[in-house]
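>>> Predicted model, plus sequence, below.
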Amino acid sequence: MRIKLQTLLTLALTFSLSLSAIAQGQSRSKSKLQSFDVIIRGGTLYDGSGRPPIKADVGIKGDRIAAVGNLSRATAPTIVDARGLAVAPGFINMLSHSETSLIRDPRSLSEIKQGVTTQIFGELSMGPLNDQMKQRLREQQENFASFIGAATIRENVIGLEDKPPTPGQLDQMRELVRNEMEQGALGITTALIYPPAFFAKTDELIELCKVAAKYKGKYTVHMRSEGNQLIEGVQETIRISREAGLPAEIYHLKAAGVSNWPKMDQVIRMIEAARRQGLKITANMYTYPAGGTGLDAAMPPWVFDGGREAAYKRLQDPDVRKKIADAIRTPTNEWENLYLLSGSPDRILLASFRTEKLKPLTGKTLAEVARMRGKDPVETIMDLVLEDRSRIGTIYFLMSEDNIKKQIRLPWVSFGSDAASIAPEGVFLKSSAHPRAYGNF
């Protein structure tokens, strides 16, 4: 979060004593000779409620806040001078992709160091899985998430093909949602620019969300468009919230592409109008003008109809390659063309590769790699994805700093890194990272 106050310490464990009560002179502490493991003295305390901050001390025992108030007579082996600094509860990362990084390194350093103490996984989920999905995810070292991926449900029942569910399949999908919600899932999540999520129609999503709504679940979404069809994407999100009867959260709110930057004002008006009507529509964001996803996201979703192996076969077929290249070069509202939305291959930065052979290209732009290879940038996209047989982590410069400033001020906007928790060491040094992993908060 971009705040002027420096955050000294973030504690999500619990501000169990209300700051408003402290301000009225109430304190949990009665003893004059209290002792703690740590005392944070003289800080300005923010409790996250929106109430005015107060000056107070914080006493910590073990991993718990034991007292908040005037602790001038208390003792502790560790005293932290917080005068002039802010003390606050830990930040909640509303969109984390630490599903696998926490298996590698449970310290979660890039999150903890910027004050994040709670991570919510979304856009996809690591369950429910059938046997084929388990095998594929074992190969990719994937794990689990707290929301249920609508695309995961779809793949479990329908597969990776672009086709609607039959009535019987839709019943199966509803039952999977019901089971997962009963096991503690937070709701339904999806990322509608990526296949197979892209293949789901609005009515399908509404039906899944209706089940989640019965368990007080939430719908979280990377909208079908953040660019040319941004307004329509917001309309779809509001419709799903209204018809399914559950809250909706827009992931990494943005207007992507220079021609779409002016749409943010209308988006804000639409969401605030829906909120006045009683719908619980919120959003989160990362505080950078560049997005991060795969280089494969520059290709049309139909390339991945049937899965990644089907896509690699298409990329080896000269006739199909020409169709893919034409689709990438052609402006469209049918899918989110990140290549064109970036405005130039110079604004597309290659960040991570799977194969050692291609890792030297890390940190170069698509334009640079195309020149090195003597190829057209669009041909280079297809070549690289086929050679690496991966998504290829890519940073796309898409957004407006002015819109970022507008969004940060909104009370219904929270923050999500849209990144994994990592550390500048070990396996994490094999790829570059979007700075949001370290600096979003």
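Thanks, I have it.
>>> quick one, what contacts Phe198?
Contact partners of Phe198, counting by C-beta atoms under 8 Å, 6 or more residues apart in numbering, are Leu192, Arg224, Pro301, Trp335. For glycine as for every other residue, the C-beta is placed from the backbone atoms N, C-alpha and C.
>>> Show the average pLDDT along the host helix or strand of Val80.
According to DSSP states H and E, Val80 maps onto strand 78-81. For strand 78-81, mean pLDDT rounds to 97.
>>> Sheet partners, orientation included, of it?
strand 38-45 (parallel) (DSSP bridges).
>>> what residues does the partner strand touch?
By C-beta under 8 Å, 6+ apart, the residues outside strand 38-45 that reach it are 5, 8-9, 15, 19, 22, 53-60, 68, 71-72, 74-76, 78-83, 85-88.
>>> Which ones among these lie within strands?
8-9, 54-60, 68, 78-81, 86-88 (DSSP state E).
>>> need the contact list for the nearest residue to Pro247 once chain neighbours are set aside.
In space, and not counting its chain neighbours, Pro247 is closest to Lys280: 3.6 Å by C-beta to C-beta, 6 or more residues apart in numbering. Counting by C-beta under 8 Å, 6+ apart, Lys280 makes contact with Ser241, Pro247, Ala248.
>>> Thr264: neighbour count?
Small correction: residue 264 is Met, not Thr. By the criterion of other C-beta atoms under 10 Å, Met264 has 20 neighbours.
>>> three-state assignment of it?
helix (DSSP: H, G, I helix; E, B strand; the rest coil).
>>> where's the closest residue to Leu398 other than its chain neighbours relative to Val80, distance?
Leaving aside its sequence neighbours, Leu398 sits nearest to Ala256 (C-beta to C-beta, 6+ apart; 4.1 Å). Going from Ala256 to Val80 by C-beta to C-beta, to the nearest Å gives 42 Å.
>>> isn't Lys430 right up against Thr355?
No. Counting by C-beta atoms under 8 Å, Lys430 sits too far from Thr355 to count as a contact (11.0 Å).
>>> what touches both of these two?
Counting by C-beta under 8 Å, 6+ apart, nothing touches both Lys430 and Thr355.
>>> average pLDDT across stretch 159-177?
Stretch 159-177 comes out at a mean pLDDT of 97.
>>> And for that stretch, what's in contact with it?
Here stretch 159-177 has contacts from 128, 148, 153-154, 156-158, 188, 195-196, 199, 201, 204, 207-208, 211-212, 301-302, 304-307, 310, using C-beta under 8 Å, 6+ apart.
>>> Write a ChimeraX command that selects only the buried members of those residues.
Typed into ChimeraX, the line below selects the buried ones among the contacts of stretch 159-177, using 16 or more other C-beta atoms under 10 Å:
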select :128,148,153,154,156,157,158,188,195,196,199,204,207,208,211,212,301,302,304,305,306
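>>> So which of the contacts of stretch 159-177 belong to strands?
Per DSSP E, those map to strands at Ile148, Ile188.
>>> Show only the entries of the contacts of stretch 159-177 found in helices.
If you go by DSSP state H, those have Ile153, Arg154, Asn156, Val157, Glu204, Glu207, Leu208, Val211, Ala212, Ala310 in helices.
>>> Surely the second one touches Ala197?
Yes. Taking contact to mean C-beta under 8 Å, the distance of 7.3 Å between Arg154 and Ala197 places them in contact.
>>> Return, as residue ranges, the portions of this protein with sub-threshold pLDDT.
For the chain, the stretches with pLDDT under 70 are 1-32, 124-127, 133-145.
>>> burial count for the closest residue to Gly43 other than its chain neighbours?
Excluding the flanking residues, the one nearest Gly43 by C-beta to C-beta, 6+ apart is Ala82, at 3.1 Å. Ala82 has 22 neighbours, counted by other C-beta under 10 Å.
>>> Ends of stretch 86-94, what's the gap?
Taking C-alpha to C-alpha, to the nearest Å as the measure, stretch 86-94 stretches 22 Å from start to finish.
>>> Neighbours of Glu334, how many?
13.
>>> what's near enough to touch it?
Pro300.
>>> Confirm that it sits in a helix.
No. Applying three-state DSSP, one finds Glu334 to be coil, outside a helix.
>>> what residues are up against Arg391?
Thr293, Gly294, Leu295, Asp296, Ala297, Val385.
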